[in-house]
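Asks: Quick one: sequence plus predicted model below, questions after.
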Amino acid sequence: MPEQNKTYRIFLSAAEPSGDAHCAGLINALKQSTYDIDFVGVGGQKMAEAGCKLIETTTTKAAMMYKAFRHVFHFYKLIKRITSFLKSNNVDLVIVCDSPAFNFHVAKAAKKANIKTLFYIAPQLWAWAGWRIVKLRKYCDKLCCGLPFEQEWFSKRGIDVVFVGNPMLDQLDLDLTTCRKQYADFEPENACFALMPGSRPAEIGALWVPMQEIAVRLKQKYANADFTAVAVDADRREVLEASKIPGFECKYAIASVNDAAQAADFAIVASGSATLQVAAAGCPMVIMYQSSRVLWHLVGRWIVRTKYLSLVNILAGKELVPEFMPYFGSIEPILGAMEGFLADREGLVRVSGELVELVRPLAENKACEQVGQKVVEMLP
């Protein structure tokens, strides 16, 4: 057991808004322990507000897959800075959260400094880039995964892993049995739509305009339809408002994904962990991820190893909701899928119930508390 009269230092690394939120939740959970812990690292505003001293803010540079290449030189310099910090400061444990392209380098630096590393949120090696399991075995002392099937997958490949639940659902104080939507009096003419273009600048830049175009077309068919654009903070809301296309009108909300999904009949969502919060609200959706057609055919389609790309459909083992990943520029297939959904009241009820049941195993435990226990066990 760790010493009660010692001050421990934990270094946390998050490179995007979701990781920032997960680490902030973990910090708050660890504050409830009886141990004196100092937190330092790289991340965003939520980690700072939770009490982590940031040596650099990273969340504004977040990107997905090969789009991250545009920030490679910035992160190269940051890795050198982190390496220097770990060598010259007494750090008892390193925690890296998601973003494996960046955090494998952080874990490597920790290994060189003889510091144990906990991976919080398993890298999706089962989906693509499976060869990196060698790196994970080399640099990971403990892996906390958020999807039920991941524990067996990683364990079979020599990783010390434990399923802790999904931190995206930690903040939801919900009785999931009440989240199913019934659509008893639903009419597409009066539908309420939530538009969720994501939190990363790259996502918003790629998806916000086509989401607006879809909304304009839906409004032409369903005159009384209502649209709410969801932003994670005031800065993201300003970006959305500044990028409004002609003919598009909506309300803007700074709200949690789950709250917005509970208020909506249907959601258009950027691919990512936010889809799990939409599912927890029992809200049917279409999922989008924009990519260059050329880059997808040259790189993307060769490294992806799963039949589906969205977390919701991967967990369901079928296309429970339409996914347009990648989305190449035409909104017509998306409109067709949505109009078919909206015309099928029984289908909406069925999908709503299946979504809730899908996320139920992920929400049974508080992930941050479970990870906090593993962190304490790893302190020297």
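Replies: That came in fine, so what should we check first? Residues are numbered from 1 along each chain as shown.
Asks: Stretch 158-169: how far from the chain's middle?
Replies: With CA atoms, centre = their mean, to the nearest Å as the basis, stretch 158-169 stands 14 Å off its chain's centre.
Asks: Show me the protein divided up by domain.
Replies: What automatic domain parsing lists as the domains of the chain is 7-165+365-378, 176-362.
Asks: how many neighbours does Pro246 have?
Replies: Using other CB atoms under 10 Å, the number of residues around Pro246 comes to 6. Placement of C-beta: from N, CA and C, glycine included.
Asks: Tell me both backbone torsions, phi and psi, for it.
Replies: Main-chain torsions, Pro246, degrees, to the nearest 10: phi -60, psi 140.
Asks: Now render the domains of the chain as CSV, adding mean pLDDT and distance to Met1.
Replies: Below are the domains of the chain laid out as CSV (pLDDT from 0 to 100; distance: least, CB to CB, whole Å):
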stretch, mean pLDDT, distance to Met1
domain 7-165+365-378, 90, 8
domain 176-362, 88, 30
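Asks: Nearest the middle, which residue of the protein would you pick?
Replies: Centroid-nearest residue in the chain: Ser273, 3.2 Å away (criterion: CA atoms, centre = their mean).
Asks: ok now do the closest residue to it other than its chain neighbours, which residues does it touch?
Replies: Of all residues not flanking Ser273 in the chain, Met168 sits nearest, at 4.8 Å (CB to CB, 6 or more residues apart in numbering). The contact partners of Met168, taken as CB atoms under 8 Å, 6 or more residues apart in numbering, are Ser18, His22, Gly146, Ser273, Ala274, Leu276, Gln277.
Asks: Run through the residues that contact Ile79.
Replies: Phe102, His105, Val106, Ala109.
Asks: switch to 7 Å and redo it
Replies: His105, Ala109 (CB atoms under 7 Å, 6 or more residues apart in numbering).
Asks: check which helix or strand covers it.
Replies: helix 72-88 (DSSP states H and E).
Asks: ditto for Gly25
Replies: Gly25 belongs to helix 17-30, assigned by DSSP H and E.
Asks: which strands and helices sit next to the host helix or strand of Val375?
Replies: Assigned by DSSP H and E, Val375 belongs to helix 367-378. Secondary-structure packing of helix 367-378 (3 or more CB pairs under 7 Å, 6 or more residues apart in numbering; DSSP states H and E): helix 17-30, strand 93-97, strand 117-120, strand 142-145.
Asks: Same question for the following helix or strand past the longest one: list its buried residues.
Replies: Taking DSSP H and E as the definition, the helix or strand that follows helix 17-30 towards the C-terminus is strand 36-43. Within strand 36-43, the residues that count as buried by 16 or more other CB atoms under 10 Å are Ile37, Phe39, Val40, Gly41, Val42, Gly43.
Asks: wait, Gln182 sits on Leu348?
Replies: No - under the criterion of CB atoms under 7 Å, Gln182 is not in contact with Leu348, lying 9.1 Å apart.
Asks: Neighbour count: the two, which is higher?
Replies: Using other CB under 10 Å as the criterion, Gln182 and Leu348 rank with Leu348 on top: 22 against 12.
Asks: tell me the secondary structure for the residue nearest to Ser273?
Replies: Under DSSP: H, G, I helix; E, B strand; the rest coil, the three-state class of Met168 is helix.
Asks: how close does it sit to Cys179?
Replies: 15 Å (CB to CB, to the nearest Å).
Asks: before we move on, back to that, find the residues that touch each one of Gln182 and Leu348.
Replies: Joint contacts of Gln182 and Leu348 (CB under 7 Å, 6+ apart) do not exist.
Asks: which residues in the stretch 51-200 of the chain form helices?
Replies: 72-88, 100-112, 133-139, 150-155 (DSSP state H, counting those that start in this stretch).
Asks: what helices or strands is the second one leaning on?
Replies: Identification of packing neighbours for helix 100-112 by 3+ CB pairs under 7 Å, 6+ apart yields helix 72-88, strand 93-97, helix 133-139.
Asks: phi, psi of Pro322?
Replies: phi -70, psi 130.
Asks: Helix, strand, or coil at the closest residue to it other than its chain neighbours?
Replies: Of all residues not flanking Pro322 in the chain, Ala337 sits nearest, at 4.0 Å (CB to CB, 6+ apart). Of the three states, Ala337 takes helix under three-state DSSP.
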